[in-house]
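J.: just the structure for this:
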Amino acid sequence: MRGMRSAVILAALLGSISAASANGVEDNNNCYEQFRGGDMKLAIYYCSRAIQSGDLERGDVVVALLNRGVAYKNTGNLEMAVVDYSSALELSPNDALLYSNRGNAYRELGRAPEAMNDINRSIELNPENPAAFYVRGLLFETMGDTENARRDFLRAHEINPDDKEFRERAEALGGSQ
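T.: Just a heads-up that it's a prediction; the model follows:
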């Protein structure tokens with residue numbers, strides 16, 4: 001009877017471990033759905049559970065950290081956004097989007113040197129990312145370098161002509177396309 005009881009307990013434990021595995025992936029999916037739906041607090045909750053589950057593949061951890069970082073940024077917690085983007089970059093050190101997002105968070109924190117380093121790295125990795133040029137344009141604008149700001153806003157507009165804000169920003173600085 002004792003051996004049978006141990007087997008039942010072991011089976012229950014294995015079932016719990018299996019359920020936890022499924023929950024990590026499910027939490028990551030819920031994180032994305034909440035993020036997409038605009039509930040940033042719930043997205044942070046599910047992303048955190050997914051990351052902590054230990055069940056996600058490396059790429060899925062990067063995505064969960066990215067999503068949670070954006071959710072933190074959207075709730076005003078820029079420091080935690082930087083932490084998540086930095087953690088994701090440790091796992092995916094050549095990801096242009098992560099550098100762009102962290103650079104933008106640094107920019108909003110008023111940490112221009114770190115922001116410029118990240119944005120330049122993002123552009124180096126992906127020279128067709130209009131958001132990186134836009135953020136760098138904002139940085140140049142903040143530094144009073146309107147010529148470089150205008151150039152970057154125009155470059156962002158060249159890459160993505162459907163985004164009127166890029167063109168309007170360049171025109172506001174005295175340039176048009």
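J.: I'd like to know how many residues surround A50.
T.: 28 (other CB atoms under 10 Å). All C-beta atoms are positioned from the backbone trio N, CA, C, and that covers glycine.
J.: what about it, which helix or strand?
T.: Element membership for A50 (DSSP states H and E) is helix 40-53.
J.: ok, then the element right after that helix?
T.: Counting by DSSP H and E, the next helix or strand C-terminal to helix 40-53 is helix 58-74.
J.: flag every buried residue along the helix or strand just after that following helix.
T.: Going down the chain from helix 58-74, the next helix or strand is helix 78-91, by DSSP H and E. Neighbour-count burial for helix 78-91 flags 78, 80-85, 87-89 (criterion: 16 or more other CB atoms under 10 Å).
J.: wait, N104 touches F133, no?
T.: No: counting by CB atoms under 8 Å, N104 sits too far from F133 to count as a contact (11.9 Å).
J.: could you list the low-pLDDT ranges of the chain?
T.: When residues are selected by pLDDT under 70, those of the chain lie in 1-22, 175-177.
J.: recalculate using a threshold of 90.
T.: Along the chain, segments meeting pLDDT under 90 span 1-23, 35, 174-177.
J.: and E128, how close does it get to L154?
T.: E128 sits 15 Å away from L154, going by CB to CB, to the nearest Å.
J.: cool, thanks, signing off.
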